[in-house]
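Q: Below are the sequence and a predicted model; questions follow.
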Amino acid sequence: MTQTNLPRLVALCAGFGATMVALMVGISVQNGTGFQDFESILRHGTPEAYGAAITDAAPVLRLIYPLDTMYIFSYVTMVFAMVQLVPERRMAGLLAVIAVLMTAGLDFIENNHILAIAAAAERGVMPDMARITFETVVTQSKFNFGLLLTLTLSFLILQDGRAADVTRWLARAVVVLAPVALLSPVTTLIYLSMNIGLGYLIAYLYWPRSSKAMPLQTAAA
């Protein structure tokens, strides 16, 4: 792929990824459950309650799974394209690549592990505390690497203008809000909405408009 086509690829992947997240949030809200409910024991209290809840939620989780898988591939592709566009930001680019690979790898483990727990629970094999704790460790590690990735992306956006400024600072605001994101369903929804907005802003920022608009002009980040 040529350098000229990379901004379009970033925009397409960012917009597609944001749409996948929006669909997953919509399905979770509509059905009252989603992967986020089984990333720890906090919303259930005991392994028995966790097992009963994940058994009921299994069909919804299987519906969300392919959307989340496509989302993972979209954000990995987006980050690789963004890094190639700004070779002068070598350290930020290297950190972004490391963070996105760790985030994606842990995301795959998280999703498949939750589905495995759900499949076992449907067959009467309920998860114990050790297995739920493993899921929590994987999820929190993914969450932390994802925040590192989001922060790093704010230093890879070098365009000038108000939209670029908003995109950079929204990425940083997502990182700041993250510690309270899981306190309640409301804060989780706000956090996810900010991430969806960030994806669409990146798509808007990178979508080619004219031959004059495409060169990336260095801005103070």
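A: In hand now; what should we look at? Residues are numbered from 1 along each chain as shown.

Q: how about the helix or strand in which Asn195 is found: buried residues?
A: Under the criterion DSSP states H and E, the helix or strand holding Asn195 is helix 185-206. For helix 185-206, burial by neighbour count (16 or more other C-beta atoms under 10 Å) applies to 188, 191-192, 194-196, 198-203, 205-206. To be clear about C-beta, it is placed using only N, CA and C from the backbone, and glycine gets the same treatment.

Q: quick one: contacts for the closest residue to Arg43 other than its chain neighbours?
A: Of all residues beyond its chain neighbours, the one nearest Arg43 is Asp37 (5.4 Å), with distances taken as C-beta to C-beta, 6 or more residues apart in numbering. Applying C-beta atoms under 8 Å, 6 or more residues apart in numbering to Asp37 gives the contacts Arg43, His44, Ala53, Ala57.

Q: now Asp37: how far from Thr167?
A: 30 Å (C-beta to C-beta, to the nearest Å).

Q: Also Leu6?
A: Using C-beta to C-beta, one gets 17 Å for the distance from Leu6 to Thr167.

Q: Those two: which has the busier surroundings?
A: Relative neighbour count places Thr167 above the other of Leu6 and Thr167, with 23 against 18, counting by other C-beta atoms under 10 Å.

Q: tell me which element that one is part of?
A: Assessed by DSSP H and E, Thr167 sits inside helix 162-177.

Q: helices and strands of the protein: which one has the lowest mean pLDDT?
A: For the chain, scoring each helix and strand by mean pLDDT, DSSP states H and E identifies helix 185-206 as the least confident one, at a mean of 91.

Q: Now the helix holding Thr167 - C-alpha only, CSV.
A: What follows is helix 162-177 as a C-alpha-only set of coordinates in CSV (Å, rounded to 0.1, in the frame of the first residue of the first chain):
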residue,chain,number,x,y,z
ARG,A,162,-9.3,22.2,15.8
ALA,A,163,-10.4,18.7,14.9
ALA,A,164,-6.9,17.4,15.4
ASP,A,165,-6.6,19.2,18.8
VAL,A,166,-9.9,17.8,19.9
THR,A,167,-8.9,14.3,18.8
ARG,A,168,-5.6,14.5,20.7
TRP,A,169,-7.2,15.7,23.9
LEU,A,170,-10.1,13.3,23.7
ALA,A,171,-7.6,10.5,23.6
ARG,A,172,-5.9,11.8,26.7
ALA,A,173,-9.3,12.4,28.4
VAL,A,174,-10.2,8.7,27.8
VAL,A,175,-7.0,7.8,29.7
VAL,A,176,-7.9,10.1,32.6
LEU,A,177,-11.4,8.8,32.9
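
Q: which residues does Trp207 contact?
A: Pro7, Arg8, Ala11.

Q: Mind putting the residues you listed into a markdown table with distance to Ala163 and pLDDT?
A: Compiled in a markdown table, the contacts of Trp207 are given as follows (distance: C-beta to C-beta, whole Å; pLDDT from 0 to 100):
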| residue | distance to Ala163 | pLDDT |
| --- | --- | --- |
| Pro7 | 14 | 94 |
| Arg8 | 17 | 95 |
| Ala11 | 12 | 97 |
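
Q: May I see the ChimeraX selection of the buried members of those residues?
A: The ChimeraX selection below is limited to those of these classed as buried (16+ other C-beta under 10 Å):
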select :7,11
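
Q: Any chance of the contacts of Trp207 in JSON lines with secondary structure and distance to Glu122 as columns?
A: Supplementary listing: the contacts of Trp207 in JSON lines, determined by DSSP: H, G, I helix; E, B strand; the rest coil; distance: C-beta to C-beta, whole Å:
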{"residue": "Pro7", "secondary structure": "helix", "distance to Glu122": "45"}
{"residue": "Arg8", "secondary structure": "helix", "distance to Glu122": "43"}
{"residue": "Ala11", "secondary structure": "helix", "distance to Glu122": "40"}
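
Q: Alright, that wraps it up for me.
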